[in-house]
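Colleague: Predicted model and sequence follow; I will ask about them next.
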Amino acid sequence: MGTIKRAFLYVARKKGKSILLFFILLIMSTFVLTGLSTQKASQEAQKNLREALGGEFYVSVELSESNPYFRRVDDGEGALDLYTELPVTRDMINAIMEIGGIEKYDASAQTLVSTNLTIFPGNVPLKGELNNKIYARTVAGTENNSFFQSGIMELTEGKHITGNESNAAVISRDMADQNSLQIGDSISLQADEEAEVRIIGIYEIRKPDPAYASVVTYEKLENQIFIDTSALQDLFGDMPMGFYEVAFSVYDPAQLDSIMSEVKGLSAIDWRAFEVAADNQTYLDAAAPLQKLQALVSSIIWVIALVSAVILSLILTMWGRSRIHETGVFLSLGIGKMRIIGQYLAEVLMIAVIAFGCSYFTSSAVAGQLANGLLQQNIPASKEQAAGVTITKKDGFSEDVVVSIKDDSALSDMPSGQDTAPEVEVAADGAEADREQIRVTIDSYNMLQLYLIGIIVIILSVGISSLSVMRLKPREILSKMS
Amino acid sequence: MAVLEMKGICYAYEKGRPILSNINTEFEVGKMYAVLGPSGSGKTTMLSLIGGLDIPQKGEILFNGENISQCGLACHRRSHVSLIFQSYNLIDYMTPMENVALTAKKGVLSLLLRLGLTAEEAKRNVMKLSGGQQQRVAIARALASDTPVILADEPTGNLDGDTAGEITGILKESAHELNKCVIVVTHSNELAAQADVVLNLKRGSLHMA
Ligand SMILES: Nc1ncnc2c1ncn2[C@@H]1O[C@H](COP(=O)(O)OP(=O)(O)OP(=O)(O)O)[C@@H](O)[C@H]1O
Ligand SMILES: [Mg+2]
């Protein structure tokens, strides 16, 4: 008779023990599976949070003597002019964008220019000449520019500046109407030299920013003219063209470090002239409670597995004593020790396969409740308020991010079919489409993990419980039993 | 030729108190041996050495001329010898058929029927059989394993006179008709009277009666 057949007969005939073992294993696997699924949910929450928050790094000109292109020009009247002969050029930007994981970039530089256009006077007066100047904002592209990203401005006609055109401009609807300008018309701007730019797009002001309520003329939103780098070149003649700082945003802030080291490895860029700095503090702050939860859950899973192994070993050792007789008989029949242990192992595994399967249902019921409880324990521990953690980035480049947890009253309003799965919600405000909900669910990977952990625990327990019996000589076992 | 041979066997549980001292005996197939001796003389000890349940401190046990440690004790127990005990030693969660099937695949039911169990009894839980019936199952299991040697330690010790007689008959038949070497440790003179060879274990040595 084979090992498996013997194990099956034992499980089938010793129903009381089998049922007891089933429930013990069910409880253990429910704990483990709940832990595993909670861990997965918090990982997913972190991932979504990362994607919602993004991360940025800046490539900027090193303004110090260690930069061989750095120039310091004293005009003799006390005004100091600091500049570089090597700014961040379009070629460099293109090389950096070749690296995977970077979503977009943004760079801008503003220059005061004069024009013959009719402009909108600001409500804060300025001295003389400055009252007739406006800002020409050189951009890498208008679409990713903070004015457009934040929704203050919206392109309503024509095209965005993408960086591939020459002498292009985007102006406001008000400016266009005031001066009877249309897409395709040219306007002239003047700085060191005069530059001719062609209007390719028109924007409208959508969300008047209170910060721009009382401003000087050149800061007035209606007066902003966006131009590309070639126009800037024309305005300043021989000056090397480029940006002093470019912000790159990555999809996943967790990858920020590796992307940045790739950037620093680019040989096409003379790194004596530039520095690279990271900004993923927003993500780090927001992710902290989730990371705490994950660390907690990980250690809980370990503790549960360990406690399970101890309890199971004790129970099996106890039962093993009552099976000394049986063990002796098997030994006297010439059945090897490994085959006997194999039978004991197979018995537990048979029951475990079923118990682990059933734990899918028990854990599904428990997991959501537990995860919710844990998150509520953890989130208020951070420095923000309990109802929702609101993190707002200091510059306008990325949108506001809200991390909030649905409270119980919101849960009880849910349709009854869903009441077993409370939700941990991580939402990126300002990007309504990204609003995502994370549920604690159990997938096949969790089940695989459970079976793996479970089988290891069972092998350990059966091994430990068999030690005392298996160390005995067959004669000793047989003499003990009579 | 001897199927089993004890050569200069010595055994002691504690130093200075030898139970078996220099035992030299041969056992042949086709014969039933009865081993008699006072309680505590070392009969069970001797049987467990022959049965490969323990190792002698001195001397060797040969099966067909080869030391049993050559094939290993588990192998010896599986292929050379079968053990029958006073307390039957059946597996309590198995039926008689399943108990016999532990050592054999074929002819399980016919063997049990031949040894006097009914078909219904053969499929009942072993714990719900009488002592005599349980010992028949144990003998069936020993016979089913097809080993040349059968070792029995007081197989009739728990049975009444008539049943003991029947079990003795079965063992004798096994020796004579199935050509087994049957070694029975017993206190029963009735059983000893049926044996082909009677041996006496006294003060550590074995003598022909
Ligand atoms: N595990 C042990 N440790 C120490 N001494 C033992 C052990 N087992 C048996 N003995 C001793 O060895 C001697 C022989 O025991 P054994 O069981 O072989 O006797 P026996 O002839 O089978 O007796 P019985 O007829 O009563 O079954 C006895 O004196 C016994 O007390
Ligand atoms: Mg004895």
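Modeller: It's in. Not measured: the values here are computed from a predicted model. Residues are numbered from 1 along each chain as shown, chains lettered A, B, ... in the order given. Ligands and ions are numbered 1, 2, ... in the order given.
Colleague: What residue in the stretch 301-450 of chain A comes nearest to chain B?
Modeller: Distance from chain B to each residue of the stretch 301-450 of chain A (Cβ to the nearest Cβ) is smallest for A:G334, at 2.5 Å. (Glycine included, C-beta is placed from N, CA and C.)
Colleague: That residue contacts B:H76, correct?
Modeller: Yes: A:G334 lies in contact with B:H76 (Cβ atoms under 8 Å); the separation is 7.5 Å.
Colleague: got a list of what the closest residue to A:L349 other than its chain neighbours touches?
Modeller: On the basis of Cβ to Cβ, 6 or more residues apart in numbering or on different chains, the spatially nearest residue to A:L349 that is not a chain neighbour turns out to be A:I458, at 6.2 Å. Going by Cβ atoms under 8 Å, 6 or more residues apart in numbering or on different chains, A:I458 touches A:312, A:345, A:348-349, A:352.
Colleague: Run through the strands of chain B in chain order.
Modeller: Chain-ordered strands for chain B, with DSSP state E as the definition, fall at B:4-14, B:17-27, B:31-36, B:58-63, B:66-67, B:81-84, B:149-153, B:181-185, B:197-202, B:205-208.
Colleague: one step back: what about the residue of the stretch 301-450 of chain A closest to chain B? Give its phi and psi, please.
Modeller: Note on A:G334: backbone dihedrals following degrees, to the nearest 10 are phi 90, psi 10.
Colleague: Quick check: the residue most central in space within chain B vs chain A, distance?
Modeller: Closest residue to the average C-alpha location of chain B: B:L151 at 1.5 Å, with Cα atoms, centre = their mean. Here the criterion is Cβ to the nearest Cβ, to the nearest Å. By it, B:L151 lies 10 Å from chain A.
Colleague: mind checking how far that residue is from B:L171?
Modeller: 11 Å (Cβ to Cβ, to the nearest Å).
Colleague: for the stretch 51-200 of chain A, what are the low-confidence residue spans?
Modeller: Low-confidence regions of the stretch 51-200 of chain A, defined by pLDDT under 70, span residues A:75, A:78-79.
Colleague: at 80 instead, please
Modeller: Across the stretch 51-200 of chain A, the ranges flagged by pLDDT under 80 are A:51-54, A:73-83, A:90, A:125-131, A:163.
Colleague: what are the ranges of the helices in it?
Modeller: In the stretch 51-200 of chain A, the segments counted as helices under DSSP state H, counting those that start in this stretch are A:90-97, A:146-149, A:173-178.
Colleague: list the contacts for the closest residue to ligand 1 within the stretch 101-250 of chain A?
Modeller: Distance from ligand 1 to each residue of the stretch 101-250 of chain A (Cβ to the nearest ligand atom) is smallest for A:G101, at 72.2 Å. Residues near A:G101 by Cβ under 8 Å, 6+ apart: A:250-252, A:255, A:259.
Colleague: could you dump these to TSV with pLDDT and secondary structure?
Modeller: Shown next, in TSV, are the contacts of A:G101 (pLDDT from 0 to 100; DSSP: H, G, I helix; E, B strand; the rest coil):
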residue	pLDDT	secondary structure
A:V250	88	strand
A:Y251	86	coil
A:D252	84	coil
A:Q255	86	helix
A:I259	91	helix
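Colleague: Those: which ones sit near ligand 1?
Modeller: Contacts with ligand 1 within these, counted by Cβ under 6 Å from any ligand atom: none were found.
Colleague: Going by distance to B:K58, which of those residues wins?
Modeller: For the contacts of A:G101, the minimum distance to B:K58 (Cβ to Cβ) is 73.7 Å, reached by A:Q255.
Colleague: Could you find the closest non-adjacent residue to that closest one?
Modeller: Nearest-residue entry for A:Q255: A:G101, 5.2 Å, with adjacent residues in sequence omitted and distances by Cβ to Cβ, 6+ apart.
Colleague: Next, the contact list for the residue nearest to the spatial centre of chain A, please.
Modeller: Residue closest to the mean C-alpha point of chain A, counted by Cα atoms, centre = their mean, is A:R50 at 1.5 Å. The contact partners of A:R50, by Cβ under 8 Å, 6+ apart, come to A:252-254, A:283, A:287.
Colleague: The residue in the stretch 201-350 of chain A that ligand 1 sits nearest to sits in which helix or strand?
Modeller: Of all residues in the stretch 201-350 of chain A, A:G328 sits closest to ligand 1, with a separation of 13.5 Å (Cβ to the nearest ligand atom). Under DSSP states H and E, the secondary-structure element containing A:G328 is helix A:324-332.
Colleague: Could you check that helix against chain B for contacts?
Modeller: Yes: using Cβ under 8 Å from any Cβ of the partner chain, helix A:324-332 reaches chain B at A:325-326, A:328-332.
Colleague: Flag whichever of these scores worst on pLDDT.
Modeller: The member of the residues of helix A:324-332 next to chain B with the lowest model confidence is A:H325, at 84 (criterion: pLDDT).
Colleague: sorry, back to before: next one: the residue of the stretch 201-350 of chain A closest to ligand 1 from B:G72, what distance?
Modeller: When Cβ to Cβ is the yardstick, A:G328 and B:G72 sit 18 Å from each other.
Colleague: Over to A:H325?
Modeller: If you go by Cβ to Cβ, the gap between A:H325 and B:G72 works out to 23 Å.
Colleague: For the two, indicate the residue with more neighbours.
Modeller: Set A:H325 next to B:G72 and count neighbours by other Cβ atoms under 10 Å in any protein chain shown: A:H325 wins out with 19 against 14.
Colleague: Go ahead and confirm that one touches B:Y88.
Modeller: No: taking contact to mean Cβ under 8 Å, the distance of 10.9 Å between A:H325 and B:Y88 leaves them out of contact.
Colleague: Can you check what pLDDT the model gives A:G2?
Modeller: You'll see A:G2 listed with a pLDDT of 89.
Colleague: neighbours around it, how many?
Modeller: That count, for A:G2 with other Cβ under 10 Å as the rule, works out to 11.
Colleague: same question, A:G55
Modeller: Applying other Cβ under 10 Å, we find 27 residues neighbouring A:G55.
Colleague: give me every residue that touches A:K473.
Modeller: B:53-54.
Colleague: ok, so what distance separates it from B:L49?
Modeller: As judged by Cβ to Cβ, A:K473 and B:L49 stand 12 Å apart.
Colleague: And B:A34, how far from A:E476?
Modeller: When distances are taken as Cβ to Cβ, B:A34 and A:E476 turn out to be 26 Å apart.
Colleague: So for the two, which sits in the more crowded spot?
Modeller: Neighbour count, other Cβ under 10 Å: between B:A34 and A:E476, B:A34 has more, with 25 against 15.
Colleague: Show me the beta-bridge partners of the more buried one.
Modeller: Counting by DSSP bridges, B:A34 forms beta bridges with B:V184, B:V198.
Colleague: residue contacts, it?
Modeller: Counting by Cβ under 8 Å, 6+ apart, B:A34 touches B:184-186, B:191-192, B:194-195, B:197-199.
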